[in-house]
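Novice: This is a predicted model, with the sequence first.
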Amino acid sequence: MNGKVYYKNRLEKILKLMSDLSMDSVFISEPGTVQYLTGLPLTYLGVSVPTLVTAEGKVLVFSLKMGTGESIDEIVFGEVLDGPADPSGLETFVMENIQSLGVKELGVDYGKISFGLAKRLSDSLGSIKDVSFELDKLRSKKDAMEIRNIAKAIGITEIAHARAKEIISEGVTERQIATCAVTEMLKNSADWFAFSPLVASGKRSAYPHGSPTHKALRKGELVFVDLGARVEGYWSDITRTYTVGDAGNKELELYVVINEASEAAMKAIKPGVKGKDVDAAARQVISQRGYSQYFTHGVGHGIGINSGYPMLDPSSDHLLEKDQTVTIEPGIYIPGYGGIRIEEDVLVTEDGCLQLSTFPRTLR
């Protein structure tokens, strides 16, 4: 299928959403949604170009003058409007265009919109409606091109995990592991990393989001490594936990629990199931083994151009749908001792899920 067809199909979904909500335009500022609709590869820098979708199917990208040439070269779908040279004039440029189009009912994706622009839009139009949730939900169902990009990102991340695992030994630092992994991802054609690598060892591995430090690894310690590559803007997100040297009985016990929790969560996945029910399946396994107080986050979240909907946590009523991509990442984090997490990337299928990540789950 021609690449532009995918973007046209995405526009049709947004137009249907606008019709369902009785809107004549949607203003998008969240970088991931801009990329989803236009193909502009800006999200890894957290940069966005405001974009307006009209009821007639126009996709108008408001670019600062210094970025117009790049936007025109890189956009896949939409029309680039050459804006002011001074960034401080961009909001006025946006307002003038929206007013000239006679917009009456405007939906706004509040991802990156400033308070000032939101107020100007509201004052001008009388009211605006937040459609961030609806757009996140719409984006959560992946088309074939998105699934291919996520699969490529997973393959690159697994190569990086293999290299990280190779160098784990006494005396190596957490930061050396992270640097090695990032280098491997970039060497293997990642656009960039999806997020800053998380590497934590020993007692620090009890921090679920432990950033790498200059701490050197010691024999017998646990080391968790959480990596993600980005391909054409799309994420992977894979965690493995290793030991420095042979694993002891405690480490082996915890690893069995986390493996069982991961499998239970994946077995619970299918269209129509709530996020909290997938979380509960993993949490039940961990609780039955006496570690419930040490599982301190949800079991997963959606992934794509960024992470988010659907959330798989104890309070989530988000319903799973076919073609969503989510993580499954149960963990046990014991203060003063350390932690173990396994994270897989999976695709929701018609009657269950397909595990996309395949890197071996072994402590050594």
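Specialist: Arrived safely. Numbering: from 1, shown residues only.
Novice: Who are the contact partners of residue 298?
Specialist: Counting by C-beta atoms under 8 Å, 6 or more residues apart in numbering, residue 298 touches 275, 279, 311, 312, 313, 314, 316. Just so you know, the C-beta spots here come from the backbone N, C-alpha and C atoms, and that holds for glycine as well.
Novice: shouldn't the first one be in contact with residue 318?
Specialist: Put plainly, it is residue 275. Yes: in terms of C-beta atoms under 8 Å, residue 275 counts as a neighbour of residue 318; the distance is 4.4 Å.
Novice: Give the residues shared as contacts by those two.
Specialist: Contacts common to residue 275 and residue 318, judged by C-beta under 8 Å, 6+ apart, are 310, 311, 312.
Novice: Out of these, the closest to residue 246 would be?
Specialist: Of all the shared contacts of residue 275 and residue 318, residue 246 sits closest to residue 312, with 33.3 Å by C-beta to C-beta.
Novice: Now do the phi/psi pair for the closest one.
Specialist: phi -120, psi 80 (degrees, to the nearest 10).
Novice: Quick check: bridge partners of it?
Specialist: Here residue 312 sits in beta bridges with residue 300, as judged by DSSP bridges.
Novice: Please name the residues that touch it.
Specialist: When contacts are counted by C-beta under 8 Å, 6+ apart, residue 312 touches 265, 275-276, 278-279, 298-301, 318, 326-328.
Novice: again, but for residue 110
Specialist: So residue 110 contacts 29, 30, 118, 130, 132 (C-beta under 8 Å, 6+ apart).
Novice: Let's see that with 6 Å instead.
Specialist: 130, 132 (C-beta atoms under 6 Å, 6 or more residues apart in numbering).
Novice: now swap in residue 270 and tell me
Specialist: 351, 352.
Novice: For the spatially most central residue of the chain, name its beta-bridge partners.
Specialist: By C-alpha atoms, centre = their mean, the chain has its centre lying nearest to residue 307, at 2.3 Å. On the basis of DSSP bridges, residue 307 is bridged to residue 303.
Novice: Could you verify my assumption that it touches residue 301?
Specialist: Yes: the pair residue 307 / residue 301 is scored as a contact, 5.1 Å apart, by C-beta atoms under 6 Å.
Novice: In the strand or helix carrying residue 138, which residues are buried?
Specialist: For residue 138, the element it lies in under DSSP states H and E is helix 132-140. Across helix 132-140, burial judged by 16 or more other C-beta atoms under 10 Å covers 132, 134, 135, 136, 137, 138, 139, 140.
Novice: will you turn the residues you listed into JSON lines that also has distance to residue 234 and pLDDT?
Specialist: Shown next, in JSON lines, are the buried residues of helix 132-140 (distance: C-beta to C-beta, whole Å; pLDDT from 0 to 100):
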{"residue": "132", "distance to residue 234": "20", "pLDDT": "92"}
{"residue": "134", "distance to residue 234": "21", "pLDDT": "95"}
{"residue": "135", "distance to residue 234": "17", "pLDDT": "94"}
{"residue": "136", "distance to residue 234": "15", "pLDDT": "94"}
{"residue": "137", "distance to residue 234": "18", "pLDDT": "95"}
{"residue": "138", "distance to residue 234": "16", "pLDDT": "95"}
{"residue": "139", "distance to residue 234": "11", "pLDDT": "96"}
{"residue": "140", "distance to residue 234": "13", "pLDDT": "97"}
